[in-house]
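Participant: build me a model from this:
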Amino acid sequence: LRAGDPVDAVEAEGRAALEAAGFGRIDYFEARGAANLARLGPGPINGEARLLAAAVMGKTRLIDNLAV
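Facilitator: Numbers count the residues shown, from 1 in each chain. Sure thing, here's the model as predicted:
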């Protein structure tokens, strides 16, 4: 996102990375606005954003986010 890539491409790359890391189920991997968590797109993004993810490995569901 920082490089100006389209939101859909960044989200697809994030999902692929989670799958490659061995996550069995990916509930979501999305770019959202930092202030209100509104859906972003198509890009490029101007302003603060967060990448939100929830995925399952084994019996554990992991949830995380990253400021962009």
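
Participant: quick one, what contacts the residue at the greatest distance from the centre of the chain?
Facilitator: The centre of the chain is farthest from one residue, K59, which by C-alpha atoms, centre = their mean lies 21.3 Å away. Applying C-beta atoms under 8 Å, 6 or more residues apart in numbering, we find K59 in contact with no residue. All C-beta spots, glycine's among them, are computed from the backbone N, C-alpha and C.

Participant: start at 57 instead
Facilitator: Okay, using 57 as the starting number, the last item reads as K115.

Participant: and it, how far from G60?
Facilitator: Distance from K115 to G60, counting by C-beta to C-beta, to the nearest Å: 39 Å.

Participant: next one: the residue farthest from the centre of the chain from E75, what distance?
Facilitator: 18 Å.

Participant: host element of the closest residue to L122 other than its chain neighbours?
Facilitator: Nearest residue to L122 in three dimensions, chain neighbours excluded: L107, at 4.6 Å (C-beta to C-beta, 6 or more residues apart in numbering). Under the criterion of DSSP states H and E, L107 resides in strand 105-113.

Participant: which residues in this protein form helices?
Facilitator: 63-76 (DSSP state H).

Participant: flag the shaky bits of it, pLDDT-wise.
Facilitator: Nowhere does the chain drop to pLDDT under 70.

Participant: so what's the nearest residue to E86 once chain neighbours are set aside bridging to?
Facilitator: In this structure, E86 finds its nearest non-sequential neighbour in L108, 5.3 Å apart by C-beta to C-beta, 6+ apart. Beta-bridge partners recorded for L108 (DSSP bridges): E86, N121.

Participant: show me what contacts L108?
Facilitator: Going by C-beta under 8 Å, 6+ apart, L108 touches 84-88, 93, 120-121.

Participant: list the contacts of the residue nearest to L122.
Facilitator: By C-beta under 8 Å, 6+ apart, the neighbours of L107 are 57, 66, 70, 85-88, 121-122, 124.

Participant: and of those residues, the nearest to F79?
Facilitator: F85 (9.8 Å; C-beta to C-beta).

Participant: many thanks, have a good one.
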